[in-house]
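A.B. asks: the following comprises the amino acid sequence and a computationally predicted model.
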Amino acid sequence: LPEPALFEATRRTMSVDLYDCFYLSNNPEHLDTAKELGMATGLFVTGNEAAPETEHPIVRGFEDLLRSRGS
């Protein structure tokens, strides 16, 4: 699992608030960590792969990514 310190270091380096960040991963456990820190998340699922049961929005491509961000 990614350590929260990794996200904090990225936030400091980029001078952004974690609430303004979006974390995309194919690993729900990594997304759980990001969400706990206040980041928006998306679970990347490729092709016809079945999406697991998750609270994270499913992202299969750019259209889903934009939709998950409310664009």
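C.D. replies: Okay, I see it.
A.B. asks: where does the protein have low pLDDT?
C.D. replies: Applying pLDDT under 70 to the chain picks out residues 68-71.
A.B. asks: tell me where it has helices.
C.D. replies: Secondary structure of the chain (DSSP state H): helices at 4-14, 28-36, 62-68.
A.B. asks: please save the CA atoms from the first one in CSV.
C.D. replies: Right, the one you point to is helix 4-14. Written as CSV, here are the backbone C-alpha positions of helix 4-14 (Å, rounded to 0.1, in the frame of the first residue of the first chain):
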residue,chain,number,x,y,z
PRO,A,4,0.3,8.5,3.3
ALA,A,5,3.6,10.2,3.5
LEU,A,6,4.1,9.6,-0.3
PHE,A,7,0.9,11.6,-1.0
GLU,A,8,1.9,14.3,1.4
ALA,A,9,5.3,14.7,-0.2
THR,A,10,3.6,14.9,-3.6
ARG,A,11,1.2,17.6,-2.3
ARG,A,12,4.1,19.6,-0.9
THR,A,13,6.2,19.4,-4.0
MET,A,14,3.3,20.4,-6.2
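A.B. asks: go through that helix and flag the buried ones.
C.D. replies: Residues 7, 11 are the ones in helix 4-14 that count as buried (16 or more other CB atoms under 10 Å). For glycine as for every other residue, the C-beta is placed from the backbone atoms N, C-alpha and C.
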